[in-house]
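1. Quick one: sequence plus predicted model below, questions after.
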Amino acid sequence: RGDFAMQLPWAEEILVTKSDLQRKLALMRQLENKVEELQHHNEREVRAREANYKQKLRDVTERFNHELEADKERYTRLQEEKMEMERRYRRTVEDMQQRHQRKLAELDQHHSQKLSGEQQRYDDLRQKLANDKRSWSDEEQAQQAEFAAELDKLYEEHQKE
């Protein structure tokens, strides 16, 4: 037997009964149908998911576009408000500077007039002082001359006696 088993090659044919083959074919058809059905079901699910994601993407894109437009409008409005505030600020600063310059000019004029008045008063007082000094000097000289004359007169009277 050992030699005989070695000499015969293995057979590639298998004996199967017709009913087994039919059962296997029916099972294979069922499985193929189920695979096809599952493939169709998966394709429908994939298309539904894709459609769902596309719709979500459109919704999100639309929402973000609306938000972007709103932000652009708000930015433009804020820029305009900023520019208006800057114009008002510049006007206010210019007005304040003009008022300050006017007030400074008024104060300068007022103090110049006051200084001029005080200078005139000083000059008048100086002139009066000079006049009073001359007057006192003249009066003193006159009193000294009168006193000297009175003294001379008394001295002469005293010597006559």
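-> Done, it's in.

2. Let me see the mean pLDDT of stretch 94-104.
-> What stretch 94-104 shows for mean pLDDT is 96.

3. Off-centre distance for it?
-> How far stretch 94-104 lies from its chain's middle: 27 Å, per C-alpha atoms, centre = their mean, to the nearest Å.

4. cool, and stretch 35-48?
-> That offset, for stretch 35-48, works out to 58 Å (C-alpha atoms, centre = their mean).

5. who's in contact with Ala51?
-> Under the criterion of C-beta atoms under 8 Å, 6 or more residues apart in numbering, Ala51 has no neighbours. No exception for glycine: its C-beta is placed from N, CA and C like everyone else's.

6. Distance from the chain centre to the host helix or strand of Gln143, please.
-> Remark: Gln143 resides in helix 18-160, with elements defined by DSSP states H and E. Helix 18-160 sits 11 Å away from the centroid of its parent chain (C-alpha atoms, centre = their mean).

7. before we move on, what about stretch 15-35?
-> 81 Å.

8. so for that stretch, what's the average pLDDT?
-> On average, stretch 15-35 scores 92.

9. List the contacts of that stretch.
-> Contacts of stretch 15-35 (C-beta under 8 Å, 6+ apart): none.

10. distance of Glu157 from Glu150?
-> Distance of Glu157 to Glu150, given as C-beta to C-beta, to the nearest Å: 10 Å.

11. for Val93, same thing?
-> Taking C-beta to C-beta, one finds Val93 at 81 Å from Glu150.

12. Could you do Arg47 as well?
-> 147 Å.

13. Next one: Leu15 from Gln22, what distance?
-> From Leu15 to Gln22 the distance is 15 Å (C-beta to C-beta).

14. my bad, should have said Ala130
-> 155 Å.

15. With neighbour numbers in mind, choose between Leu15 and Gln22.
-> Set Leu15 next to Gln22 and count neighbours by other C-beta atoms under 10 Å: Gln22 wins out with 10 against 6.
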